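Participant: Using only what follows, build the 3D model:
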Amino acid sequence: MITKQKVRDYEVIGLNKPFNLFLTRLGMILFYGNASYLVVLVSFVSFSSFFGFSLTTNYISDLGSKNVIPFPYVHDFICVFGGLVSLPVNFFMRKKLRIVYKSSKHSILFLEIGAVLGVIGNAGYVFLGVFSLDRAGPGQIFHGVTALLAFGGSVVSIFFYSLSIILSHRCKLRNLGLFGLITPTSLLFIYCVISIPLIEWFLLSSILGFLFLLDYYVFKL
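Facilitator: Numbering: from 1, shown residues only. I've put the predicted structure just below:
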């Protein structure tokens, strides 16, 4: 039986007809894919600690170096997997935030910018798995550029997503928007001033935390 609530849910994710369940199922796959990525990443970092890896002395990129851990290809796979499952989520975010909230012209613009930069950040994260420290290129230029795209694109994307959320009417995510507006940006600035591993890990945690909470809101399984 198709209720009015279900019809509204279909409309939110862009479906014109309730029997077209493709996007609904794709959304579920993406949500669980992102959840799985987080579990695998945390598990891998924890397991790497048995080989001397430490959040206080090792940067994130060290997970992709055979000089640090004996199995760097696992981290390469995690980067590619995480970027691929996160990239399409930007289109779901863009669709739902445009429909659920009667946004102002400026918040719509910020939302569009956030979605584009989110795609760039996710693509950069995929290529981090390709150009890890073991394949960083001359002077580590390939790794450096992809890291800049991954972190820079993600942080600026979150900043604009958060602006859109805060400016939207009847917004239920204002606290999340304030977090995204302040925390990742502040941590990125601090990291540029004090380039120590622990700050980089805090920055990654703020990015992943914001995106996962926004993913949960968008897909709400």
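Participant: in what helix or strand does the residue nearest to residue 167 when sequence neighbours are not counted lie?
Facilitator: Excluding the flanking residues, the one nearest residue 167 by CB to CB, 6 or more residues apart in numbering is residue 107, at 3.7 Å. No exception for glycine: its C-beta is placed from N, CA and C like everyone else's. Here residue 107 is covered by helix 105-130, with elements defined by DSSP states H and E.
Participant: how about that helix: buried residues?
Facilitator: Using 16 or more other CB atoms under 10 Å as the test for burial, helix 105-130 gives 107-108, 110-111, 113-115, 117-129.
Participant: list the helices and strands that helix packs on?
Facilitator: helix 72-86, helix 89-100, helix 141-167 (3 or more CB pairs under 8 Å, 6 or more residues apart in numbering; DSSP states H and E).
Participant: Adding mean pLDDT, distance to residue 35 and mean neighbour count, write those helices out as CSV.
Facilitator: Output for the helices and strands packed on helix 105-130, formatted as CSV (pLDDT from 0 to 100; distance: least, CB to CB, whole Å; neighbours: other CB atoms under 10 Å):
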stretch, mean pLDDT, distance to residue 35, mean neighbour count
helix 72-86, 92, 10, 20
helix 89-100, 82, 12, 20
helix 141-167, 91, 18, 21
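Participant: what residue ranges in the chain score low on pLDDT?
Facilitator: 1-20, 100-106, 169-171, 221 (pLDDT under 70).
Participant: again, only this time at 50
Facilitator: Scanning the chain for pLDDT under 50 picks out 1-7, 10-16, 18-19.
Participant: Any idea which of the helices and strands packed on helix 105-130 gets closest to residue 57?
Facilitator: helix 72-86 (16.7 Å; CB to CB).
Participant: Next, the angle from that closest one to helix 141-167.
Facilitator: Using axes from the mean of the first three to the mean of the last three CA atoms, to 10 degrees, the inter-axis angle of helix 72-86 relative to helix 141-167 is 30 degrees.
Participant: List of residues touching helix 72-86?
Facilitator: Under the criterion CB atoms under 8 Å, 6 or more residues apart in numbering, residues 30, 33-34, 37, 40-41, 44, 63-66, 69, 118, 122-130, 132-134, 150, 211 lie in contact with helix 72-86.
Participant: again, only this time at 7 Å
Facilitator: Contact partners of helix 72-86, identified using CB atoms under 7 Å, 6 or more residues apart in numbering, comprise 30, 33-34, 37, 40-41, 44, 63-66, 122-123, 125-126, 128-129, 132, 134, 211.
Participant: If anything else comes up later, I'll come back, but that's it for now.
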